[in-house]
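A.B. asks: My questions are about this predicted structure, shown below with the sequence.
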Amino acid sequence: MAERLGCSATTISRVLSGKAEKYRISEATVKAVLREARRCNYTPSATAQILRTKKSNTIGLLLPSVSNPYFADMASVIISELSDSNFTTIVVDTMESEQKLNESARSLISRQVDGLIAVPCGENGEEMEMLSGHTPLVLIDRYYENTSLPFVTTNNYQGGLDATKHLLSRGHSRITCIQGVQSSMPNKERVKGYCRAMEEAGLAENINIVGNEFSVQNGYLEAKLLMSREIRPTAIFALSNTIMLGALKAIREAGLSIPQDVALISFDNNLYMDYMTPSITRISQPVEDMSKLAVKILLDKLNGESNCNSQLRLSPMMVAGESA
């Protein structure tokens, strides 16, 4: 290209790396170089750029289930925010596996990602703590107990408390909680809020917690069993939108009406819940704010900011529907 255009290889390199303005390269030369690059189908080598700049401009995003609308919404915001800062995002589905989370994090680091944003799985954070010494890492939605890692999450305890108190205020006393992954911190906190509300109402003996996954199938199977009982619950608190969908199907298959026969309230928010019949009452998490804060904390770490180890809990909000 240098020979054909009659300029130096250094000039071409500066144009192709976006540094023409810095080195005051003429507009005519820039156009000629770009035109020739297109003609040659030139594509810059990512590996060469990493070796030269020590940066890949890529961020790893580790999610436990990309099929879950909640995590899909989270990924959308994070990818958009990182794109605005000229980063490419590599998304990995860890399939709710602690082993896959650790393996994927190590794999991404070996590929020279500049940083990681992760929704952790399991309770043992030793591996992620160790990896954070090699690559900046921020946790989102979930976190480890007594962790030193920065994280952004919802005040899940408050959400569990508010949802249960809402059902209690509607006169319900037989309220069953269908939970998700028992080891996850959000699940623990939501259950704790549910139990506290039941105890404060003098209904400790009515506490009933079932389930073990943030999945549609878990919600369906547990609700199916609940609806088959002689004395069934009058209200169900589903600890995720996916659990809620499964429970909804089971309640309808039992020929019961919502909320007349069984009230239903869900954790997580999504626009589709307003278009369901009945519309779903839910605890909304500030997914957009959480995602933007996680990105900001990570970028601050990459920029060498000293005060970027924040551990933030954002307030949830009750969204009124017709299901409870």
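C.D. replies: Done, it's in.
A.B. asks: now residue 252: how far from residue 128?
C.D. replies: Residue 252 sits at a distance of 41 Å from residue 128 (criterion: C-beta to C-beta, to the nearest Å). For the C-beta atoms, the positions are set from N, CA and C on the backbone; glycine is no exception.
A.B. asks: So for these two, which residue has more residues nearby?
C.D. replies: residue 128 (22 against 13; other C-beta atoms under 10 Å).
A.B. asks: wait, the more buried one sits on residue 121?
C.D. replies: No: in this structure, residue 128 is not within contact of residue 121 by C-beta atoms under 8 Å, at 10.0 Å.
A.B. asks: which residues do these two both contact?
C.D. replies: Jointly contacting residue 128 and residue 121 under the rule C-beta atoms under 8 Å, 6 or more residues apart in numbering are residue 101.
A.B. asks: which residues of the stretch 51-200 of the chain fall in strands?
C.D. replies: Along the stretch 51-200 of the chain, the segments classed as strands by DSSP state E, counting those that start in this stretch run 58-63, 88-93, 115-118, 137-140, 151-154, 175-178.
A.B. asks: So which residues make contact with the fourth one?
C.D. replies: Spelled out, it's strand 137-140. 74, 78, 105, 115-120, 128, 131, 147, 149-153, 290-291, 294, 297-298, 301.
A.B. asks: Pull out the buried residues from the host helix or strand of residue 226.
C.D. replies: For residue 226, the host element (DSSP states H and E) is helix 216-227. Going by neighbour count (16 or more other C-beta atoms under 10 Å), the buried part of helix 216-227 is 216, 218, 219, 220, 221, 222, 223, 224, 226, 227.
A.B. asks: swap in stretch 180-198?
C.D. replies: Buried, per 16+ other C-beta under 10 Å, within stretch 180-198: 180-181, 183-191, 193-195, 197-198.
A.B. asks: can I have stretch 73-91 written out in CSV, keeping just the CAs?
C.D. replies: Provided in CSV are the C-alpha atoms of stretch 73-91 (Å, rounded to 0.1, in the frame of the first residue of the first chain):
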residue,chain,number,x,y,z
ASP,A,73,-32.4,-7.3,29.5
MET,A,74,-29.3,-7.0,31.7
ALA,A,75,-27.0,-8.1,28.9
SER,A,76,-28.7,-5.6,26.4
VAL,A,77,-27.9,-2.6,28.7
ILE,A,78,-24.4,-3.7,29.5
ILE,A,79,-23.5,-4.4,25.8
SER,A,80,-24.9,-1.0,24.8
GLU,A,81,-23.0,0.9,27.6
LEU,A,82,-19.7,-0.9,26.8
SER,A,83,-20.2,-0.2,23.0
ASP,A,84,-20.6,3.5,23.8
SER,A,85,-17.1,3.3,25.3
ASN,A,86,-15.7,1.4,22.3
PHE,A,87,-15.6,-2.0,24.0
THR,A,88,-16.8,-5.3,22.4
THR,A,89,-18.6,-7.7,24.8
ILE,A,90,-18.2,-11.4,24.8
VAL,A,91,-21.2,-13.1,26.4
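A.B. asks: Identify the residues contacting residue 281.
C.D. replies: Contacts of residue 281 by C-beta under 8 Å, 6+ apart are 166, 264, 265, 266, 318, 319, 320, 321, 322, 323, 324.
A.B. asks: pLDDT score for it?
C.D. replies: pLDDT recorded at residue 281 is 98.
A.B. asks: Residue 248 too?
C.D. replies: At residue 248, pLDDT is 98.
A.B. asks: gap between it and residue 130?
C.D. replies: Relative to residue 130, and taking C-beta to C-beta, residue 248 is found at 42 Å.
A.B. asks: for residue 83, same thing?
C.D. replies: 29 Å.
A.B. asks: Now do the same contact list for residue 267.
C.D. replies: Residue 267 touches 156, 159, 160, 163, 190, 238, 239, 240, 241, 282, 283, 285, counting by C-beta under 8 Å, 6+ apart.
A.B. asks: re the thing from before, ok, and what's touching the next helix or strand after the helix holding residue 226?
C.D. replies: Proceeding N to C from helix 216-227, the next assigned helix or strand is strand 235-238, under DSSP H and E. Outside strand 235-238, the residues within contact range by C-beta under 8 Å, 6+ apart are 160, 163-164, 167, 170, 172, 174-178, 194, 219, 223, 226, 244, 247, 251, 262-267, 324.
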